[in-house]
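Engineer: Can you look at this prediction? I've put the sequence above it.
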Amino acid sequence: MLIRLNDEKVIRVEKIGLNHAGMLVKFGNKMRSEAPYDSHGLIHKRYTLKMEIKLIKRQMKNHHSPYIAISNGEVVGVADINSMGGELSRHVAYCGYVVAKEFRGTGLAYFLIYAAAKHAKRSIKTVLAAILPQNKASVYFFKHCGGIEVGKFKKTIFSKCSGRYYDEIYMQVPLAGLIKNSNRMWKLKGIKEKL
Ligand SMILES: CC(C)(COP(=O)(O)OP(=O)(O)OC[C@H]1O[C@@H](n2cnc3c(N)ncnc32)[C@H](O)[C@@H]1OP(=O)(O)O)[C@@H](O)C(=O)NCCC(=O)NCCS
């Protein structure tokens, strides 16, 4: 599908497929090389095409629904709703999202999470996000999606880059609430669906 941002830029949003592997490697490595929060980059590892293809195949096999945004032939954002699986937790999913710096504040992140949530497996009822407290943009973003903070885990992340442990905030929203709120947010930010 095509969408038009407030500044008239047209973006293609589609479900991730193997044809996106090359573009995703470039985007992923660009994102990883940026200092993501107000601290060190957490991950040094660079992705290869082989790793990306393996990841996409696994996502396809597990019926994940990552959605990707493309502008001028380059990936500018990705969002995923990733079911935890397992007999007791089939109704629970983690979500992940990232947009390129130039596209932050445009509402694109809300559109991507909306697309992923809308096409998530029917069995999913509740969506979790695990966020570093210093990642204010992500905390506010997920709050705008209807997420509420349900707890904090201590030292659940270890970064080889900084040699430090990090805490994580857990946030949660019912899938229906995520769809409703993200839908409201991208419209509020002035995104239009281009028919
Ligand atoms: C998280 C992310 C997808 C959000 O997308 P976005 O386009 O920036 O979303 P928004 O424009 O709604 O910004 C989120 C909110 O955080 C606020 N914000 C952004 N950076 C901030 C900062 N450093 N300090 C405080 N608030 C901040 C924004 O003002 C906005 O709040 P508002 O709508 O009330 O004004 C994007 O910032 C991103 O890709 N970050 C890097 C990857 C990442 O951290 N992913 C999540 C891992 S858990």
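Structural biologist: Good, I have the coordinates.

Engineer: element containing the closest residue in space to Phe141 that isn't next to it in sequence, please.
Structural biologist: With sequence-adjacent residues excluded and distances taken as C-beta to C-beta, 6 or more residues apart in numbering, Phe141 is closest to Ala109, at 6.0 Å. To be clear about C-beta, it is placed using only N, CA and C from the backbone, and glycine gets the same treatment. Take DSSP states H and E as the rule and Ala109 turns out to sit in helix 108-118.

Engineer: So what touches that helix?
Structural biologist: 1, 3, 5, 11, 13, 65-69, 76-81, 95, 97, 99, 103, 127, 141, 144-145, 175, 178-179, 182-183, 185-186, 189, 191 (C-beta atoms under 8 Å, 6 or more residues apart in numbering).

Engineer: Would you mind naming what in this structure lies close to the ligand?
Structural biologist: 36, 97-99, 104-105, 109, 131, 135-138, 140-141, 144 (C-beta under 6 Å from any ligand atom).

Engineer: So which of these wins on neighbours?
Structural biologist: Ala109 (28 neighbours; other C-beta atoms under 10 Å).

Engineer: Hmm, Tyr166 is touching Leu132, no?
Structural biologist: Yes - using C-beta atoms under 8 Å, Tyr166 is in contact with Leu132, at 5.5 Å.

Engineer: overlap in contacts of the two?
Structural biologist: With C-beta under 8 Å, 6+ apart, Tyr166 and Leu132 have common neighbours Ile157.

Engineer: so what's the one residue sitting closest to the centre of the chain up against?
Structural biologist: The chain has Tyr97 as the residue nearest its centroid, 1.4 Å off, counting by C-alpha atoms, centre = their mean. Tyr97 sits next to 77-80, 109, 112-113, 138, 141 when contact means C-beta under 8 Å, 6+ apart.
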